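Give me a 3D structure for the following:
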Amino acid sequence: MTRIGFILKPIQNNEARNLLFKLADWAKKHGHDTVVVAEDRVNPQGSTLVPEASLGEAVDMCVVLGGDGTMLRASAAVANEGVPLLGINLGRLGFLSPYDPADAVATLTKAVAGELPQVKRMRLQITYRQQGMEPVTRSALNDVVISQGAMARLIELQAHLDDCIINSYRADGLVACTPTGSTAYNLAAGGPIMYPGLEAMAITPICAQGLTNRPLVVPNTGVVRISMSQDSKGVQSGSCVLTIDGQWAHNFQSGDEVDITASPSRVTIFSRDADYFNILRTKLHWGVMGPGL
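Sure thing, here's the model as predicted:
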């Protein structure tokens, strides 16, 4: 018997809801327990509801019905317990959720039988320090972003690697990402695509004022510290924001700092295609000629 957990896209997504009931029915017929996150506000007959924070302790595997954002949410919930994630793609690109909804039952059957390959992905451990407050520590599968908010003003951020200063950036912000997250915001900001097995982090400025401020890849054995300059105009507007995996956000102001390093725990994901370059060609449409070309 396998304890199968489910995390969904927002419940107004009927496709996710219908697929949940279909998979939960299959699991029940084959003698497996089903566990659903209480916050998703749906309860297939015979399923157990648990708070999202307790999901990792209650299941042996987690089925994610959504896109990459839902996978990031699920990762935060279960990765520390080593629970593998099975992503059924109801989103757009689906870098992390590679399986098709039409094949969901067959895919779940193989996963439960141990017939699907698994990969482990590096995560980041982030410690946010605000003056006069206790440090907050969180994890990220994709990235950490510090950016100006509504005001179109440059901010000044200083980055260190251990005891060495990297640079002072005048930019719209900075992205620090894992190899997994290199195809997310990092890629949109002009950062490098990193092969998933690399033990490294990328630091990418967002719209830097200096054209020579290029993305940088550093080892994940060090600690990247990012702080904000006292002279940053973005601080005066109170609009700067620290976001982690797009799932957690907090104001970031002068005197705050964030330490970023490799997390001691990794995320286990059921993988459909061992050829990462095939994934890139498929998801990013490499080699596809547009109309008239």
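
how about the helices in the stretch 151-293 of the chain?
185-188, 233-237, 276-283 (DSSP state H, counting those that start in this stretch).

Of these, give the one that comes closest to residue 170.
helix 233-237 (9.9 Å; C-beta to C-beta). Backbone N, C-alpha and C define where each C-beta goes, glycine included.

so what's residue 187 up against?
The contact partners of residue 187, by C-beta atoms under 8 Å, 6 or more residues apart in numbering, come to residue 193.

And for residue 95?
Per C-beta under 8 Å, 6+ apart, neighbours of residue 95: 68, 180, 183-184, 279, 283.

Just the buried ones among these, please.
Buried members of these, scored by 16 or more other C-beta atoms under 10 Å, are 68, 180, 183-184, 279.

okay, these in a markdown table with pLDDT and distance to residue 266 next?
Conversion of the buried ones among the contacts of residue 95 to a markdown table gives the following (pLDDT from 0 to 100; distance: C-beta to C-beta, whole Å):
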| residue | pLDDT | distance to residue 266 |
| --- | --- | --- |
| 68 | 91 | 17 |
| 180 | 95 | 10 |
| 183 | 94 | 18 |
| 184 | 94 | 18 |
| 279 | 83 | 19 |
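
out of these, who's nearest residue 172?
For the buried ones among the contacts of residue 95, the nearest to residue 172 is residue 184 (16.4 Å; C-beta to C-beta).

Confirm for me that the closest one is in contact with residue 178.
No: with contact defined as C-beta atoms under 8 Å, residue 184 does not reach residue 178; the gap is 9.5 Å.

tell me, what's touching those two both at once?
With C-beta under 8 Å, 6+ apart as the test, residue 184 and residue 178 both reach 142-143.

for the chain, which helix is longest?
Criterion DSSP state H: the longest helix present in the chain is helix 14-29.

residue ranges for the strands of the stretch 1-150 of the chain, please.
3-8, 33-37, 48-50, 61-66, 85-89, 118-121, 124-129, 136-140, 143-147 (DSSP state E, counting those that start in this stretch).

Could you export these as JSON lines, including mean pLDDT, distance to residue 20 and mean neighbour count?
Compiled in JSON lines, the strands of the stretch 1-150 of the chain are given as follows (pLDDT from 0 to 100; distance: least, C-beta to C-beta, whole Å; neighbours: other C-beta atoms under 10 Å):
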{"stretch": "strand 3-8", "mean pLDDT": "96", "distance to residue 20": "6", "mean neighbour count": "25"}
{"stretch": "strand 33-37", "mean pLDDT": "96", "distance to residue 20": "7", "mean neighbour count": "21"}
{"stretch": "strand 48-50", "mean pLDDT": "96", "distance to residue 20": "13", "mean neighbour count": "15"}
{"stretch": "strand 61-66", "mean pLDDT": "96", "distance to residue 20": "6", "mean neighbour count": "26"}
{"stretch": "strand 85-89", "mean pLDDT": "95", "distance to residue 20": "10", "mean neighbour count": "27"}
{"stretch": "strand 118-121", "mean pLDDT": "94", "distance to residue 20": "23", "mean neighbour count": "17"}
{"stretch": "strand 124-129", "mean pLDDT": "97", "distance to residue 20": "30", "mean neighbour count": "19"}
{"stretch": "strand 136-140", "mean pLDDT": "96", "distance to residue 20": "26", "mean neighbour count": "18"}
{"stretch": "strand 143-147", "mean pLDDT": "97", "distance to residue 20": "28", "mean neighbour count": "26"}
